[in-house]
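*Asks:* how would this look folded up:
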Amino acid sequence: MSPATPAPDSGGAALELLVHGVGGATPQDMLDDPRTVRVTGDRTAAVYRRAEDRHAELSPERFAAGPVPEAYCWSNLTSGDGARALWLLLLPFMVVNLAHWMRPPARGRRPGLVRLYGVLVRLVALTLTVLLTAAACEVALDLTAWQCAGAATCADAHSWLGFLSVERGGWWSQPGRRLAAAALLPTALVGLLWYLSHRTWSAYEAQRPPTGHDEPAPEPAPAAGPGPGSTSAPTPGPDGGQAARQEPRPPLGRPGFWYGRRIVARLRAAHTAAGFLTVTAALLAAPGRQDTGGRAALGTALQVALALLTVIVVRVVCRRGRTEHRLDLRVERALVTWLPGASLALLVLAALHSAWSRPGSVSTGTLPGDAFFGSLTLAQGGLVVALGVVALLLRRPPRNAGPHPGAPDAGTGGARSRTVLRGLGGPAVAMLACALGGVMSGGVAQRVADWLDGPATPGMGEGPLIGPPVLLSWQASVIPVLLLLLAVPAAVLAVRTACAARRLRAVVEADYAAERGDERPDPVRTARIAACRARASLTDAAPVLVGVVSATALLLGAASVVGAWASGNVPGRAFDGAHPAVASLASATQALGSWMVGFGFLLFVTWGRRAYRDVSARRTIGILWDVGTFWPRAAHPFAPPCYAERAVPDLTWRMSSWTRRTGGRLVISGHSQGSVLAAAAVWQLPPTTRGRVALLTYGSPLERLYGRWFPAYFGPEALRGLHRTVDCWHNLHRATDPIGGPVLVPAEDGRPAVDAPVLLDPVAYGRTRDHPLPEPILGHSDYQADPAFAEHRTALLDRLLPAVPRQRDPAERADHSGRPGHLRAQPPDRPHPPR
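*Replies:* The predicted structure is shown next:
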């Protein structure tokens, strides 16, 4: 961390609120002081100060010319115990939740299409829950209880299956009873998902946002007269600060955006019920095939109840989306209680029906999984295609309505030129979620079958097991093909990066020409800097790669369904009559795909655990995880918890309470993902408070990642509106930064452009008087080490109006814990004391 920055010229109470980014940081590093104290918050997320600054407001003369630095540390929301790596197993749920927020901005008023987009994403998410539960049923019920326990050689090879073995003739040896016992595993899995979703809501997302800021969105200002966002003639606000321009409230500024209790509770109930109903369907699939009389009638009644509850689950998922325009504290307790309860009761009845004594019954063949998994795959593909059609319709301008200057897609900086995949980013990511779910479910089933079958290859007729459903074997077999196809764009990107690095050498030499003077450039140093800039630009190629992967996955998934249904055999048997080379290739891809899934699964968990415990590894993949868990759970309730539903209210409360209690100036300074949290928190502030807040972002993905992938929430118009409503905003970025970049907000209404000139990295090309040792290439880190950081922070404080002095209330001096009164929990809507 750099030493304390120069003090601004204007006096008055001032606060600098620092928010760290990916990988986290300690308060000692952020404040450049080993002695820090927690002034508010808990061990999960808190605000810290230097020990000597703890009671700064009681001695304002000490800070008359400089800000009080505070650090908001939120790293424990996304890291900690290595057991949290198990959340990575729910990656498909997180990815499909992202697809909900990637909706393109609606051109014109199209609420019906917006609602339809949300419904389709929620249905895709529901199919993923069913797929995960069905995969658990396939492993526990079909492969283990139905096939392996029903084959003497397989049961003898695994002694832990002895009590289920048909050879021993015990009470559990009947097929229906074996299925009832095995159903405990998928049922426990669904219960665990419900518990984690409920527990993480209480721990992470139950923080209510500040209340009292629910002013109605103002009407657009008239075109005549001076621009309402002009800083040339500021209007004093009620708190003594400059009144911010009255902008229509953006989506992230809505009162209920960061509090989705009602929708999460509804979806949790529906997905839990869907999981229980999937297990019920597996139990009813086989044992009652030969039933007659009362047993058959009971089985039919259970199937009717299963169909009825399935319709109710789908209706609950489709009926209602998020409530954002107001803080919705309601919970439909009857629904969230009886729907999972009724589904669990039906599951218990199905288990009792399955355990009904059926002397002489045997388990032959497999449970009917091929048709189920095939239908589910087709449903997912159809939903993704429909989602793509809706996304394209949302981007299409309404008839007889041309673009206007305020439209998101109007102008050169509009969303049309920057939105990824021309608005198809959400459908592409939804397809990735389905592909991940299919590969994980097929791979796990294939690996378990391979383990139970011993040295034989599942599905090849060499061992006691018939194997998993044919479609799952086909899905695992396409993994080598997918990786081979991905090698082509990867090679193209590698060549393009190498060529770009060569072209950038001349640019690097020109950038440092003034520093070098007549000294000849160092080719090694130049090549290293140019290579860092070229590699940083790879981030901008990610949309193309995601599009290629999604399209390939859609085509290969369709080919898997066709191959499985046309041949009825695993790939190794489907090409028995073909040329020997083709048959060998099919067998090799099946075996290789099975092993690659198993190895990838272990590598995935190991890497995820390391990322949670190792700072360097967490920084490598942290941006992807932090982007995924930044958004609330709007599509899938079993996705990893949203840390922003805790962090954004924390920051909003802190800024609101401090500015209202002191009337002072505040600069919120965010790095990397911290800049996204800072922007989201500023959007939640009332307009009068935003007029006393300045925003400093550096290494920020606000436009480069969020603006392109989430255009409806961070698009050009939203960022321009943020620029107009805060007092001032500066953004710092480097060409060597693979994550941060410019926000592309131009000068407007007398306000300067947000982006500062690109910072040179390294700050010095060679050895100089000020830098006698070679300076490192910093990339995404240590922006505070650049002298430009101090200059811009000082400039922001100087632009803010000085604080209005007021008398301190004796009650504010200290509470019973020794904390100053201003640090006590205060509602941000408390009236400001008279001046």
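
*Asks:* Every contact and neighbour count from this point should use C-alpha atoms.
*Replies:* Noted.

*Asks:* Can you tell me the element residue 269 falls in?
*Replies:* Residue 269 is part of helix 261-283 when elements are defined by DSSP states H and E.

*Asks:* meant to ask about residue 130
*Replies:* Taking DSSP H and E as the definition, residue 130 sits inside helix 111-137.

*Asks:* same thing with residue 180?
*Replies:* Assessed by DSSP H and E, residue 180 sits inside helix 175-182.

*Asks:* same question, residue 556
*Replies:* Going by DSSP H and E, residue 556 is part of helix 542-567.

*Asks:* Would you mark the buried spots in that helix?
*Replies:* Residues 543, 546-550, 552-554, 556-558, 560-561, 563-564 are the ones in helix 542-567 that count as buried (16 or more other Cα atoms under 10 Å).

*Asks:* elements contacting that helix?
*Replies:* Of the remaining helices and strands, those touching helix 542-567 by 3 or more Cα pairs under 8 Å, 6 or more residues apart in numbering; DSSP states H and E are helix 370-395, helix 425-452, helix 470-511.

*Asks:* Now find how far off-centre that helix is within its chain.
*Replies:* Averaged C-alpha coordinates place helix 542-567 at 24 Å from its chain's average position (Cα atoms, centre = their mean, to the nearest Å).

*Asks:* Rounded mean pLDDT for the next helix-or-strand element following that helix, please.
*Replies:* Toward the C-terminus, helix 542-567 is succeeded by helix 571-574 as the next helix or strand (DSSP H and E). Helix 571-574 shows a mean pLDDT of 80 in the predicted model.

*Asks:* what does stretch 488-496 give?
*Replies:* Along stretch 488-496, the predicted local confidence has a mean pLDDT of 92.

*Asks:* for stretch 583-603, same thing?
*Replies:* When the per-residue pLDDT values of stretch 583-603 are averaged, the result is 79.

*Asks:* measure residue 180 to residue 283 for me?
*Replies:* 7 Å (Cα to Cα, to the nearest Å).

*Asks:* Overlap in contacts, the two.
*Replies:* Contact with both residue 180 and residue 283 is made by residues 351, 354, according to Cα atoms under 8 Å, 6 or more residues apart in numbering.

*Asks:* Between the two ends of stretch 452-469, how far is it?
*Replies:* Using Cα to Cα, the gap from the first to the last residue of stretch 452-469 comes to 15 Å.

*Asks:* and the helix holding residue 130, what does it pack onto?
*Replies:* Under the contact criterion of 3+ Cα pairs under 8 Å, 6+ apart, the helices and strands touching helix 111-137 comprise helix 91-101, helix 184-200, helix 261-283, helix 293-319, helix 370-395, helix 425-452.

*Asks:* nearest to residue 785, of these?
*Replies:* Each of those has some distance to residue 785 by Cα to Cα; the shortest is helix 91-101, at 34.1 Å.

*Asks:* on that earlier part again, if I take the helix holding residue 180 and helix 261-283, what angle do their directions form?
*Replies:* Calculated by axes from the mean of the first three to the mean of the last three Cα atoms, to 10 degrees, helix 175-182 forms an angle of 150 degrees with helix 261-283.

*Asks:* wait, is residue 729 part of a helix?
*Replies:* No - assignment of residue 729 by DSSP: H, G, I helix; E, B strand; the rest coil gives strand, placing it outside any helix.

*Asks:* okay, now the closest residue to it other than its chain neighbours: neighbour count?
*Replies:* Here the nearest residue to residue 729 in space, its sequence neighbours aside, is residue 695; by Cα to Cα, 6 or more residues apart in numbering that works out to 4.6 Å. The local packing of residue 695 (other Cα atoms under 10 Å) involves 27 other residues.

*Asks:* how would you label residue 695: helix, strand or coil?
*Replies:* Of the three states, residue 695 takes strand under three-state DSSP.

*Asks:* if I pick it, what's in contact with it?
*Replies:* 667-669, 678-679, 726, 728-730, 796.
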